[in-house]
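Novice: Here is the input, now give the coordinates:
(chains A and B)
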Number of protein chains: 2
Amino acid sequence: MPRLSFLAALLLAAVPALAQKAKTTENLVQYAKPLVGTARMGHTYPGATVPFGMVQLSPDTDTLSYELNGKYNPRVYEYCAGYQYADKTIVGFSHTHFSGTGHSDLGDFLVMPTTGPLQLNPGTADQPERGFRSRFSHQNEVAEPAYYRVKLDDHNILAELTATNRVGMHQYTFPQSEQAHIILDLTAGIYNYPDKNVWTFVRVENDSLITGYRQTHGWARTRTQYFAMSFSKPFVSYGSRNLSQKQVYRGFWGRFDQTKNFPELAGEQLRLFFDFKTTAGEKVKVKMALSGVSTEGALRNMRAEVPGWDFEAVKRAGQALWQQELGKVVVESPKRADKENFYTAMYHAALSPTTYMDVDGQYRGLDQNIHKAEGFTNYTSFSLWDTYRALHPLYNLLQPRRNADMVQSMLAHFDQSTMHMLPIWSHYANENWCMIGYHSVPVIVDAVLKGVVPADQAQRALDACVTTAHQQRYDGISYYEQLGYVPEDKSGSSVSKTLEYAYDDWCIAQLARKLGKTDIEAEFSKRAQNWQNVYDQRINFMRPRLADGSFRPRFDVLSTHDQGFIEGNAWNYSLYVPQDPAALIAKMGGEKKFLPHLDSLFTMHLPDKFFAETEDITRDGIIGNYVHGNEPAHHVAYLYNWTSQPWKTQARVRMILPKMYRPTPDGLGGNDDCGQMSAWYIFSALGFYPVAPGSPEYALGSPAVHGATINLENGNTFRITVKNQSDKNVYVKEARLNGQKLTRPFLQYADVVKGGELVFTMAGKPY
Amino acid sequence: MPRLSFLAALLLAAVPALAQKAKTTENLVQYAKPLVGTARMGHTYPGATVPFGMVQLSPDTDTLSYELNGKYNPRVYEYCAGYQYADKTIVGFSHTHFSGTGHSDLGDFLVMPTTGPLQLNPGTADQPERGFRSRFSHQNEVAEPAYYRVKLDDHNILAELTATNRVGMHQYTFPQSEQAHIILDLTAGIYNYPDKNVWTFVRVENDSLITGYRQTHGWARTRTQYFAMSFSKPFVSYGSRNLSQKQVYRGFWGRFDQTKNFPELAGEQLRLFFDFKTTAGEKVKVKMALSGVSTEGALRNMRAEVPGWDFEAVKRAGQALWQQELGKVVVESPKRADKENFYTAMYHAALSPTTYMDVDGQYRGLDQNIHKAEGFTNYTSFSLWDTYRALHPLYNLLQPRRNADMVQSMLAHFDQSTMHMLPIWSHYANENWCMIGYHSVPVIVDAVLKGVVPADQAQRALDACVTTAHQQRYDGISYYEQLGYVPEDKSGSSVSKTLEYAYDDWCIAQLARKLGKTDIEAEFSKRAQNWQNVYDQRINFMRPRLADGSFRPRFDVLSTHDQGFIEGNAWNYSLYVPQDPAALIAKMGGEKKFLPHLDSLFTMHLPDKFFAETEDITRDGIIGNYVHGNEPAHHVAYLYNWTSQPWKTQARVRMILPKMYRPTPDGLGGNDDCGQMSAWYIFSALGFYPVAPGSPEYALGSPAVHGATINLENGNTFRITVKNQSDKNVYVKEARLNGQKLTRPFLQYADVVKGGELVFTMAGKPY
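Specialist: Residues are numbered from 1 along each chain as shown, chains lettered A, B, ... in the order given. Model (predicted):
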C-alpha cells in the first residue's frame, strides 16, 4: 500500500461518523459545476435551473439555423444546449434547454438586455456590434446551480439569472442610459429550422406584463410553449418587428401601426423590444413564467412561485433545493476535483426529465388536450434509449417518488398515444421517435419490481408494456415477431433493434412472472432469446441478417455505418445481452473466447477512419474500441463479473472514471445524454452498477470515492466505507455487507434500500 | 279598394283568431328557403344548420384561393359562403360558413364521398372528373332549414346533411362499390390564402373515429378549430397526403410511412381519405363535432348532442327548433311568396351570431385562453357595423334571452381585449377590425335600456362602452377627441367615422343618463353633436375635412371612392344622423331643403361609372342613388317620419320590399350581412323600424303582411292587424294601438313587449 493512500485513508477515517448523520452540513452546491460539459460535445448548459425544473434559463452563445443555404449546417450540432464554451459572444438568455442531448429543440423566449441605439438583429459572432449580442469573458462569468452571472461587455450590463421550477428570473444591472432596452426574440431557438416557428402570439397586457406563446415544428412536431413575462419597472415604450412574410391578409389591421406600442401581435417571426431609461447601477428585473397549457397557466405559475421581486431570495431557495438533492449522497474524498466530479454528476443527473405541469396540475398531453395529473407530477423529456440504463435505476435509489411519477407520466403518455405505445423519446407533449427499442419498458419494469411504483399500478404497467411490444407498425416489430429478428433488408440498424428488443422483452417477462401471467412470461421469455438469432456463430459476432435468413455478406465489425447497428459497432454491440451475460459467454464459446474479445475491446487500436463516423462523442470518449461516449457499451466494463476475472471490471472502471469525467468545461467525453453519462459516473464511483435494470442486483465494481453515505427517501442510510483507497488501489480485496463478506461480486437493491453498510477493502493488485 | 285585395282581406279575416294562439300549428319551416341569396351577391349558404348553431354544414361549389399568381383573385369574393348557385359542381361539404358576409373565412373540414379510383385533388369546375368533386343538378337538390340533400352525379352518391348545434351529420347513400371513399380535406377553406393554414393535426383514434384541428391565419389572425369525426361504419383502410413543404425535420419519423394507415398526422396541408366497400344503397353516416376548445371538447359535444346514428331524428329535432324560431312571428298573407320572403328572412336572421361554446360552457377567448361562460351562452361572429342597425334590435323583441347572452359575450370580449375595446367585427376568438365605428355600443345600450340585459350589468356595460370610445389607438379617435371630427388627411373614411362615432356617443350618453352619470352624459352628448363638424353648410353635404379645419376641396358627392366615406357616398351618408333627424333637417335648412335631397336620393339617375365602385351589392341593390344593398342608408326611407310627409316613408318601404327581397336564389339585392338585410325586411314587413337603436321608439312604416302575431318570450302577444291591405294600398290611413289612434308615426318598444294590438288601416292614397 503506497504511503500517500495510507495517509489519505487515515485522514478520512474521521469523516464517516460525521457524514453518516444523513444530511450533511457541508455546502455541496459549491462542488456542482454547471460549466462542466459546455465545451465540445458535452452539450450541457451553464444556466440556472432547479432540480427537474421546467425552466432552464441559460445563455445562448449562438442560435444557428439547422440549414445553411438549403443544406444541413453541421455546426448546429454544437449548439444542442445553446452554449459553447469557446465562444466569445452571448446572443441572449433563453428559457428552455436540454441537457446533454445529441439532437435538439427548445431555446424558447430569448431575452437580451442592451444599451444604445436599438438593434433588432442578433449580429454575428465575428461582428457582435452589428447586432444585439454582446461580447463576454469567462473571467466575468459565474455558473452555480440555480445561479448564473455574466458581464455583457458591449452593453455594460451585469446579467444575473436564477429560477424556480416554472419561473426564470433575470436581474440586469444597467449603466446610466437614455436608451436601455430589453429584447424578446421569439424567432430565436435551438436547432432552428428556417421555418420552425409555426406561429407566435403576444399580448402586451399592460406596461409591465406581456403574455404569449411560441408554436414550433421541430424535433417536437407540434409544440406550443406559453409564457407570461413581467418587468419590475414599467417600460416607457415598446415595439416589434415581424420578420415573416406570412402576413398575407392585413385587411383592417392595416389601420394600425403594429410595430410600435401596439398590444396585440401575432405572426410567424416576431422580435419585440421594451425601452427603458436607467440610472447608473439600476437593477431591472424580469420574471418569465412558462406553461405548456396556456398564458393563463403561465401567469398562475408566476404568481404561485415568484409573487415578488426578491432575486436573492429566489436564488437562495433554488440553491437550498440543490443542497437537498446533492445531499442524497454525501461522499468523502481528499481531492476537491473528485467531489466536483461527483456533485457535478449528481447535478447533471437531476436536470431531466423536467417538470411538465402547471402548479394546478394541468398539463398538455400527447393528444394536445389539457389533462390534469391526479396524484402525480407530470414529467417530460424522456431520452429513454440513454436513460433506461443507469439514470432511472439511480432514481430508484435516490428519487423513488420522482421516478414513480415519471412512470405515471409515461403511462399517461401511453394512454394518450394513438399508436398505443409507451414513450420512445418524448418531449413537450410530443413523441419524436428518436433512437430504437422500447426502453420505457425497462424503466417501468425496474421501478415496479423494486416496489417504487405502487403495486396497484403493476397490471396497468404490464398491459402498456405488452401493447407497446406488439405494435406492428413500429420499427421492424412485425418482422421481429415473425422471424425472431429484425432483418436488415427490411429495417436498418436491425441488429441493435433485435438485441434491444430482446432485452426489453426479458424485462416484460420478469414483470409477467411477478404478476403470475404465465402466458405473457412464456411469450416474452422466448422473445428475450432472440439475441441468439443475430449471433453469427462462425465469426462470433452479432451480425445483420436478411429476411431470407442469411447473414448479410458485406460486414465490417469496426464500422458503425450501415452495419446493422446504431451508435455502436459490432465489437461493442456483440456484448449487448445484459439480461443474460452468462448465456452470451457460453454462446461465444466460454470465457476462453469471450475474455479476449472483451479485453481487446479496451486495448485494440481503432483506425482513424472510424472516429469520423462515431456519433456524439469526442475522441476522448473512446478507449481502444470501447466507446464510453455512447451508451451501448455502458454495461460492458462490468461483464468481467460474469467471468473468473472480476478484477478486470475493477481496473476498467477505475480507468474509465478519471479519463471520461473531469470537472472542467471540456471534461465530458461525449454528450451527457440527459444525465445517463453522469448516472454511470455516480454508480461507478460508488462501486456498483445496474447492468440489467429489471434485475434485482447490481454488479460490483471498484469505488472511486473514499466513502459515501446514501440518504434514502425511506429514511434509511446506506453507508459505503472504503478502506485502503487510493488511485492505485483499484482492486477490491474484499467487500463486506453489514459485516458479511460477499462471495459474489454483486449487490442486491433490497439490501441497499433497507440500509446498512458496505465495506470495501481495496488493494493494489487483483484478488 | 281593388277587388282582389278586398277578397284577400276577407279571406284573412278568419286567420287572426287562430294565429293569436301564440304558437301556430302551421308548418312554417316549409316557407324558409335556404337557397335564397345563394346566387350572385347574397352570400348565403344553402346547407344545414340550427338557429345560431356552431355548425353550418353546407356544400362548397368552389374553394378558390384568395390569390391567383400572387394577385388578389376577384372571383374569391363570390365564394364568401362557399356556394354559388350558378355552379355545376360541388367540391365537398364543409362545416363552418358565414351567412351573407362581404369578406370571409371558415370552410373548415371539407368532407366529400367518392367512388372509383381514389382522387386526392379537388379537380376543377371545368374538369370535375380530374378530381374528387362532382357534378350535380338543382333538380336533385333540396335545401330546407336543418336539412340539405343533393345527388353527386359523378359518384352516384346521394348526400344528405343535417346538424345539431355543434355536430354536423352526413348520410351518404352509396352504390355498390369496392372503391368507396370519404375524403377529409384540411387544406380546403373559404377565402383561402396560399398559406392560410398555419397547422393541422390529426389523430386516427380507432377504425371509426378521428380527431384533430385546423389552425388558420386569415381574416381571423389566430384561429384554431377542433373536431371529432365519427363514422357509422369502420373504414377498411385510410391514408393521407401532405401537400406542404413544411416538413423540414423528419428525423426518426422517416421510419414510418405516414401516407397509409398511420394514425398520427400533422403538417400544414393535409388531405385524408378513408376507404370502404359498400353494397348498393348502403348508407354510411358521418358525425363531425366541432369545438373551439379542444378535440376532447369536440368529442364531448358529439356525445352530448348526437350519441347515436339516427339521421332522421337529428333532422326532425333540427326542424322542430326552426319551427319554434320561425313561430315567434306568425304572419298572414294570401301569397305564398310573401310568406317565403318573410320566413326566409326570419331564417337568415337567426343564423348568426353563432354559438361559440362547448356543451360544458368552455370557450376560447380573445386571449386564446379557455374560459368558462358562467350563466350565459357565448356567441361569436359579430358583424356589428351591419347588425347594430336592425338585427340586434330585432333580437330585443324576438330573442331577448339570446341577445342578453350576446351582450355578455361582447363584454367578455372586452374583458379579454388587451386593446380594452368591445368587439368591432369579431369571430372565433379573434378581432378582425373590419369596418368602422364602435357599434357594440348601440347593441349594448339598446339592450340595457330596453331591460333585456339585467340591470346589475348596466354599470359594467357603460364602463366598457366609455373605455372603448376613449381608445386613442383606434381609427382616428385621438383626432376625433381633439378636433371634434376625424380629419381625412389623418384617417380615411373620416366622415363615415365621425358620423358613426357621434351616433355611438349619443348611445353612451343615453345609458349614462339612465345611470345618473351626468359627467359622462355631458361628455358624450357633446360628442354626439360632432356630426355637425363634418357638415358643409355651403353645399349642404357631409364632407371630408382636413386636420387644419378646412373642407377638402376635391369632392364628389356621388362617388364612394376616396371621398371620406365607406360603403356609401355623400348623398347617402349626409342623411346619417339617426340620433337626431330633426336636428339634421334643421341643419339642412328645414324640410324645404331636406325633402328634395331625400326625394331625389330615390329618384335620381346614378351614372354607370359609380356602380362599379359600389361594394357588396348587385345593381338590383340600388334604387336611384339609394343603396339598399349596403347598410348606411337602411334608416333613410324612414326619415320622412320626421317631416310633414310620413306617407313617403310608407311608399318607399313598400317599394323597396318587393324589389330587394324575392324568394329565389338571386332574390337578395346584396350581401345579407349576417342577417341585417333580413332584419330590415322583417321589421319593415311588420310596419315599423328601429331608426336609432338606443331610442325607445320605432318609426312606423307600412306593413307588407296582412296580419301578424309576435309571440314574445315573456309570454305576451303583440298582434298586428292590417285592414284593407293590398299591393296598392301602401299608405297608412290610420294606426291604432290597443284602440287608441296614434298621432305620431312612432311606436314604443315598451308598448310592444307588454303585448297588445296595433291595427293599421291601409289606403291607396296618402293620409
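
Novice: Up against chain B, what does the stretch 201-350 of chain A have?
Specialist: Residues of the stretch 201-350 of chain A found near chain B (Cβ under 8 Å from any Cβ of the partner chain) are A:201, A:203-205, A:211, A:213, A:215, A:217-219, A:221-222, A:246, A:248-249, A:251-253, A:255-256, A:261-264, A:266, A:294-296. From N, CA and C alone the C-beta is placed, and that goes for glycine too.

Novice: Please type out the ChimeraX selection for whichever of those residues turn out to be buried.
Specialist: In ChimeraX, a selection of the buried entries from these looks like this (16 or more other Cβ atoms under 10 Å in any protein chain shown):
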select /A:201,203,204,205,211,213,215,217,218,219,221,222,246,249,252,253,255,256,262,263,264,266,294,295,296
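
Novice: Okay, and which of the residues of the stretch 201-350 of chain A next to chain B map to strands?
Specialist: A:201, A:203-205, A:211, A:213, A:215, A:264, A:266 (DSSP state E).

Novice: what about the nearest residue to residue A:567 once chain neighbours are set aside, how many neighbours?
Specialist: Nearest non-adjacent residue to residue A:567, counting by Cβ to Cβ, 6 or more residues apart in numbering or on different chains: residue A:630, 4.3 Å away. Neighbour count of residue A:630, defined by other Cβ atoms under 10 Å in any protein chain shown: 25.

Novice: Now do the SS call for residue A:630.
Specialist: coil (DSSP: H, G, I helix; E, B strand; the rest coil).

Novice: Residue A:370 touches residue A:364, doesn't it?
Specialist: Yes: applying Cβ atoms under 8 Å as the test, residue A:370 and residue A:364 come out as touching, 6.1 Å apart.

Novice: overlap in contacts of these two?
Specialist: Common neighbours of residue A:370 and residue A:364 are listed as residue A:293 (criterion: Cβ atoms under 8 Å, 6 or more residues apart in numbering or on different chains).

Novice: And these two? Which one has more around it.
Specialist: residue A:364 (27 against 20).

Novice: mind listing what that one touches?
Specialist: Here residue A:364 is in contact with A:224, A:292-293, A:356, A:370-371, A:428-429 (Cβ under 8 Å, 6+ apart).

Novice: do the same with residue A:304
Specialist: Contacts for residue A:304 (Cβ under 8 Å, 6+ apart) come out as residue A:359.

Novice: Quick check: it is in a helix.
Specialist: Yes: under three-state DSSP, residue A:304 falls within a helix.

Novice: how much space between it and chain B?
Specialist: According to Cβ to the nearest Cβ, to the nearest Å, residue A:304 and chain B sit 17 Å apart.

Novice: do the same with residue A:659
Specialist: Relative to chain B, and taking Cβ to the nearest Cβ, residue A:659 is found at 31 Å.

Novice: Also residue A:381?
Specialist: Residue A:381 sits 16 Å away from chain B when distances are taken as Cβ to the nearest Cβ.

Novice: neighbours of that residue, just the number please.
Specialist: The burial count for residue A:381: 25, using other Cβ under 10 Å.

Novice: what residues are up against it?
Specialist: A:98, A:352-354, A:356, A:426-428, A:674.

Novice: What about the residues you listed, which are in strands?
Specialist: Among those, the members found in strands (DSSP E) are A:354, A:426.

Novice: ok, the contacts of residue A:381 vs residue B:487, which is closest?
Specialist: residue A:428 (50.6 Å; Cβ to Cβ).

Novice: Make sure the closest one is actually in contact with residue A:225.
Specialist: Yes: taking contacts as Cβ under 8 Å, residue A:428 lies within contact range of residue A:225: 7.2 Å.

Novice: where along the stretch 651-767 of chain A do the helices fall?
Specialist: Residue ranges of the helices in the stretch 651-767 of chain A, as given by DSSP state H, counting those that start in this stretch, are A:676-686, A:749-753.

Novice: ok, now the stretch 401-550 of chain A?
Specialist: Under DSSP H, counting those that start in this stretch, the stretch 401-550 of chain A gives helices at A:440-449, A:458-469, A:477-483, A:494-514, A:518-527.

Novice: what comes up buried for the fourth one?
Specialist: Within helix A:494-514, the residues that qualify as buried are A:494-513, counting by 16+ other Cβ under 10 Å.

Novice: Could you check how far the nearest residue to residue A:530 once chain neighbours are set aside is from residue B:327?
Specialist: Leaving aside its chain neighbours, residue A:530 sits nearest to residue A:502 (4.3 Å; criterion: Cβ to Cβ, 6+ apart). For residue A:502, the distance to residue B:327 equals 72 Å [Cβ to Cβ, to the nearest Å].

Novice: deepest of the helices of the stretch 651-767 of chain A, which one?
Specialist: Each of these was scored by mean neighbour count; the highest is helix A:676-686, a mean of 28, by mean count of other Cβ atoms under 10 Å in any protein chain shown.

Novice: what's the neighbour count on residue A:416?
Specialist: 17.

Novice: hmm, I was thinking of residue A:764
Specialist: Residues near residue A:764, counting by other Cβ under 10 Å, number 14.

Novice: For it, give me the backbone phi and psi.
Specialist: Here is the backbone geometry of residue A:764 (degrees, to the nearest 10): phi -90, psi 0.

Novice: I'd say it and residue A:728 touch.
Specialist: Yes: using Cβ under 8 Å, residue A:764 is in contact with residue A:728, at 5.2 Å.

Novice: mind checking the end-to-end distance for stretch A:592-612?
Specialist: Start and end residues of stretch A:592-612 are separated by 33 Å (Cα to Cα, to the nearest Å).

Novice: can I assume residue A:647 sits in a helix?
Specialist: Yes: applying three-state DSSP, one finds residue A:647 inside a helix.

Novice: Next, the contact list for it, please.
Specialist: By Cβ under 8 Å, 6+ apart, residue A:647 lies in contact with A:640, A:731-732, A:766-767.

Novice: before we move on, what about residue A:299?
Specialist: A:211, A:228, A:289.

Novice: The last one: neighbour count?
Specialist: Residues within reach of residue A:289, counting by other Cβ under 10 Å, total 31.

Novice: So it sits against residue A:227, correct?
Specialist: Yes: Residue A:289 is within contact range of residue A:227, at 6.6 Å (criterion: Cβ under 8 Å).

Novice: okay, and the common contacts of these two?
Specialist: residue A:298.

Novice: For residue A:94, name its beta-bridge partners.
Specialist: For residue A:94, the beta-bridge partners under DSSP bridges are residue A:58.

Novice: circling back to that earlier point, of the contacts of residue A:381, which is the most crowded?
Specialist: residue A:98 (31 neighbours).

Novice: excluding its backbone neighbours, what's nearest that one?
Specialist: residue A:104 (5.7 Å).

Novice: gap between that neighbour and residue B:163?
Specialist: According to Cβ to Cβ, residue A:104 and residue B:163 sit 46 Å apart.

Novice: what about those two, which has more around it?
Specialist: For the pair residue A:104 and residue B:163, the greater number of neighbours falls to residue B:163 (31 against 22), based on other Cβ under 10 Å.

Novice: Show the backbone phi and psi for residue A:189.
Specialist: According to degrees, to the nearest 10, residue A:189 has phi -180, psi 170.

Novice: can you pull the contacts of it?
Specialist: Neighbours of residue A:189 in contact, by Cβ under 8 Å, 6+ apart: A:63, A:94, A:105-108, A:110, A:196-197, A:214, A:216, A:218.

Novice: residues in contact with the residue of the stretch 251-400 of chain A found nearest chain B?
Specialist: Going by Cβ to the nearest Cβ, chain B is nearest to residue A:252 of the stretch 251-400 of chain A, at 3.8 Å. By Cβ under 8 Å, 6+ apart, the contact set of residue A:252 is B:424-425, B:432-435.
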